[in-house]
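S.K.: Let's see this in three dimensions:
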Amino acid sequence: MASKSFKGSRSNLSISSDAAESHKPPFPPTVTFGRRTSSGRYISYSRDDLDSELGSNDFMNYTVHIPPTPDNQPMDPSISQKVEEQYVSNSLFTGGFNSVTRAHLMDKVIESEASHPQMAGAKGSSCAIPGCDAKVMSDERGVDILPCECDFKICRDCYIDAVKSGGGICPGCKEPYKNTELDEVAVDSGRPLPLPPPGTMSKMERRLSLMKSTKSVLMRSQTGDFDHNRWLFETRGTYGYGNAIWPNDGGFGNGNDEEGGEPKELMNKPWRPLTRKLKIPAAIISPYRLLIFIRIVILALFLEWRVRHKNNDAIWLWGMSVVCEIWFAFSWLLDQLPKLCPINRATDLNVLKDKFEAPSPSNPTGKSDLPGIDVFVSTADPEKEPPLVTANTILSILAADYPVEKLSCYVSDDGGALLTFEAMAEAASFANSWVPFCRKHVIEPRNPESYFNLKRDPYKNKVKPDFVKDRRRVKREYDEFKVRINSLPDSIRRRSDAYHAREEIKAMKLQKQHKDDEPVESVKIPKATWMADGTHWPGTWLNSAPEHSKGDHAGIIQVMLKPPSDEPLLGTADDTKIIDFTDVDIRLPLLVYVSREKRPGYDHNKKAGAMNALVRASAIMSNGPFILNLDCDHYIYNSQAMREGMCFMMDRGGDRLCYIQFPQRFEGIDPSDRYANHNTVFFDVNMRALDGLMGPVYVGTGCLFRRIALYGFDPPRAKENHPGCSSCCFTRRKKHSSIANTSEENRALRMGDSDDEEMNLSLLPKKFGNSTFLIDSIPVAEFQGRPLADHPAVKNGRPPGALTIPRELLDASTVAEAISVISCWYEDKTEWGNRVGWIYGSVTEDVVTGYRMHNRGWKSVYCVTKRDAFRGTAPINLTDRLHQVLRWATGSVEIFFSRNNALLASPRMKFLQRIAYLNVGIYPFTSIFLIVYCFLPALSLFSGQFIVQTLNVTFLAYLLSITLTLCLLAVLEIKWSGIELEEWWRNEQFWLIGGTSAHLAAVIQGLLKVIAGIEISFTLTSKSAGDDVDDEFADLYVVKWTSLMIPPITIMMVNLIAIAVGFSRTIYSVIPQWSRLLGGVFFSFWVLAHLYPFAKGLMGRRGRTPTIVFVWSGLIAITISLLWVAINPPSGTNQIGGSFQFP
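M.R.: Predicted coordinates:
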């Protein structure tokens, strides 16, 4: 096969950085790229061919996007570039370490025909060249792309042959082609391509200069004056009062040559904020804070009294109780102090629309000026994470209410399963009907499974007469889609068996031809997994084989839905369509399937490694300045959720926000929420409180990131203020001179704690790897993520209209570069996972990643929307829930014993924020003291002693005060957070259940890892439901044994037996000690009341537990109690059991 070395075009920055790098990581083996044609031959391809094409004078002269006017009709992108993009979307790209990067042109991705022109596998009619069976490429509407005016149908390969060997003559009309930009170098040229001259600009640099040159579209390019004629034409205005805008002499703007472009009349208008803070009413928050301080004082006095008044009769019981109580007070303090400043926030979507999508002097056409968003969806195992759930999440993303051309979706399949691949292709096919249907009828939610299972009336507020018909047809198509998804495993298996049998027959025939006389031996061929087009699946096979197993397969990228056109594509009346989409935008966002390369001997770092691979691949393919991270079972419930998050990012001061965290809401939880799955106390109390500090912690999903913050850069103006605990006590000198002499762009791309304001850009390859495409994309993402400079008070802003320029067309060399950055060797000797991207080294990579950002001075925001932004599923089974909590607690223990401990935080982190992160690492250790304290009532009842000498008035007063203040605090928290009392009580119950089971195991595992180096196994949380399809909550009643249940069961049994023993001793005693009995029994019932949901979970489904179990449990408890009294009779008697006598 003829192939060419694949070397990307480099910018001046990249070349200089290579020269300055003396100890850089060794380059990976040469990555070559070959394209397979329909006839089976391979044609070389290189990035420089396309860069030379895009670097032509025609492209360089196109610097400003001008809306179409009667005398200004901008040209569409060339036909050849459209054909190239169509080719990319129809190719499966594979490659990796020591392997060739190849683009396999797929005839079809799924068994059924592709139904949307943007979808992979969508093609036009057949090529008219005799002997060619290829298909003609099609545009956004599915219309054939024909390079000649005679409309001769020709495929891409034949067109290239006609240009190269046929002299550019059309085979149909025999006239020369007018457009031949798709020239390729000779196939037999195998020399490495030289680097372009230093003056050549990379694609990313050209785009950045293009955006920065977009000052105001209404400025005359020659004079810089305001163009009144264009303003009147493009806004359909007329001369008269209020229409003509006349600038003052001397130009207009804010005097900044870099960002000028708005008339002063517009700049001086009242500035409208996108968000606002809603403070908690003083009638609630003031008593709440007062009660916190009152309880702190009471706890201090109580502990001082407890230490001074020992129980000399049971000093061991007193000592254990005092130590536990001191720790509980300390733990409560860590949890309560960060709650002093809770706030609520609200957004204004109308202002967002007016600023970014309404016609204005800088954006006459009203084209969206919002920045791009890349949505990441992660999945790892199709058996534990059903493909239908993931497909519904993808459909909700594709139908989201966000500019289509600004939205991209990346699906990370860490298992490399063909089942997930084909399920995503089926979802892309069904999106052809579902997404326009949602836009036409304003459907909520836009997850088809949830929408069609709504309990409320689906026809409420629907006014279009064809809604009922459209809904019925889409529902039927969705049912067929579900059946296809459910049948995929069997379909793939049957297909693979059929192809394998064919290959065995071929091998046997071939063996017979070579060995005519010798006996034929059975031929053993590896049983491969086959794709729909009859080729081997490059990922994980159903029957594992070398280079085709879960930990050993090539990197895969498939553009499922190619990037949409820049302008809206409205549907037309078509009888072939099941639904009339007239005047509905039928475009679909970019959808990419990614499976990173995995090889033995490499640490792939689980989910964090998969996320970092998506960060790099998306930076090269779409480079959205913001990233939305979703789990495969968390779908978009509010189609405008991304707009709400963007209100915070685009508001004044939004450039200092690293992420927007949305609350997690769950479906499929039992009505009583037995195991506190909703976790409302954390999401509605703790997270709102942290929002009043530096922001909430990152919880793994439903989070909108700023890409630059993920890259490890410091926030803008990081040195202007240090919010640490020492900032109010000590003054710091500022380097005004160095800040004044540094450009705004370099100050916005600072990394590290040095005092140098100038960022050493030559060190970026050491941090981010050797991909020049990735490095060149960094300043572009930073510029696009800036807030709008629509007011002088906005610092570090970008000019209005800068993001209305068309995107770059996707070419094959770009996708091949993305393949190289998801290879297993790319992160070697870089800072990925250490300082850049998701942080490695913990099973709770989410908390650590958020902590690192806050530690650098970034802030985050908690966005609670009126309609839930996202919804997902949670394990309602007791065992699954305990394992989930175990994973979280284990990660917290790892954080405590790592350099991510909040005790080592930088001065940029606020004191109360540091306390909150310290509590994240310490809370699992409370389990040690909690278990001891749960056994104390039983020990008290067994021994006949109590934690105090006597139940005097002082002890009871302290106990009452502590309990009363706790209840009052809970009531006030319920008031300002909006949760219910039952949810608060469920949280308290599961705190004890988890604390006596999963948290203790996490502490043990964490200590084993730190001391003995024993690694912790990560258990994937199951997303599937129970086996009983008739019961929605069947999983709730399934009892699956785990060793985590042993401590709570032991605590329950011991306390029950102790209560029986205590009653027996007191009843049969000569001098009954009722005070000691009541103290022990009260605390035992306190423990048992908290463990009640756990006991209920052990009983399984109501009515299924045999009655004999309860009978035997009672008999055993009574027998053990009587035996204890017989063995240890009360003092003052010499009979067995005191005055009681056995018959």
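
S.K.: Identify the spatial nearest neighbour of residue 1007, chain neighbours not counted.
M.R.: Leaving aside its sequence neighbours, residue 1007 sits nearest to residue 893 (C-beta to C-beta, 6 or more residues apart in numbering; 7.6 Å). C-beta coordinates here come from the backbone N, C-alpha and C atoms, glycine included.

S.K.: Residue 971 too?
M.R.: The spatial neighbour of residue 971 that comes closest, neighbours along the chain excluded (C-beta to C-beta, 6+ apart), is residue 981 at 7.9 Å.

S.K.: pretty sure that neighbour is touching residue 967, no?
M.R.: No. With contact defined as C-beta atoms under 8 Å, residue 981 does not reach residue 967; the gap is 10.0 Å.

S.K.: how far away is residue 1080 from residue 161?
M.R.: Here residue 1080 is placed at a distance of 92 Å from residue 161 (C-beta to C-beta, to the nearest Å).

S.K.: Spatially central residue in this protein, please.
M.R.: residue 629 (1.5 Å; C-alpha atoms, centre = their mean).

S.K.: which helices and strands sit right next to the helix or strand where it lies?
M.R.: Following DSSP states H and E, one finds residue 629 within strand 626-631. Strand 626-631 sits against strand 373-379, helix 606-621, helix 641-649, strand 703-706, helix 707-710, with contacts defined as 3 or more C-beta pairs under 8 Å, 6 or more residues apart in numbering; DSSP states H and E.

S.K.: Ok, which of the ones you listed comes nearest residue 319?
M.R.: Closest approach to residue 319 among the helices and strands packed on strand 626-631 (C-beta to C-beta): helix 606-621, 42.9 Å.

S.K.: counting contacts, what elements does that closest one pack onto?
M.R.: Using 3+ C-beta pairs under 8 Å, 6+ apart, helix 606-621 sits against strand 373-379, strand 407-413, strand 590-595, strand 626-631, helix 707-710, helix 772-784, helix 812-821, helix 845-855.

S.K.: Which strands and helices lie in contact with the helix or strand harbouring residue 971?
M.R.: Element membership for residue 971 (DSSP H and E) is helix 953-977. Judged by 3+ C-beta pairs under 8 Å, 6+ apart, helix 953-977 is in contact with helix 282-308, helix 981-995.

S.K.: Mind listing what's buried along that helix?
M.R.: Using 16 or more other C-beta atoms under 10 Å as the test for burial, helix 953-977 gives 955, 958, 961-962, 965, 969-970, 972-977.

S.K.: quick check, nearest of those residues to residue 541?
M.R.: Using C-beta to C-beta, the buried residues of helix 953-977 come closest to residue 541 at residue 977, 50.4 Å.

S.K.: can you tell me how far residue 620 sits from residue 823?
M.R.: Applying C-beta to C-beta, the value for residue 620 to residue 823 is 13 Å.

S.K.: and what of residue 956?
M.R.: Distance, residue 956 to residue 823, by C-beta to C-beta: 68 Å.

S.K.: Cross-check the contact I'm expecting between residue 435 and residue 585.
M.R.: No. The pair residue 435 / residue 585 is not scored as a contact, 9.0 Å apart, by C-beta under 8 Å.

S.K.: Could you list the low-pLDDT ranges of the stretch 751-900 of the chain?
M.R.: 751-761 (pLDDT under 70).

S.K.: er, the stretch 451-600 of the chain actually
M.R.: For the stretch 451-600 of the chain, the stretches with pLDDT under 70 are 515-523, 574-576.
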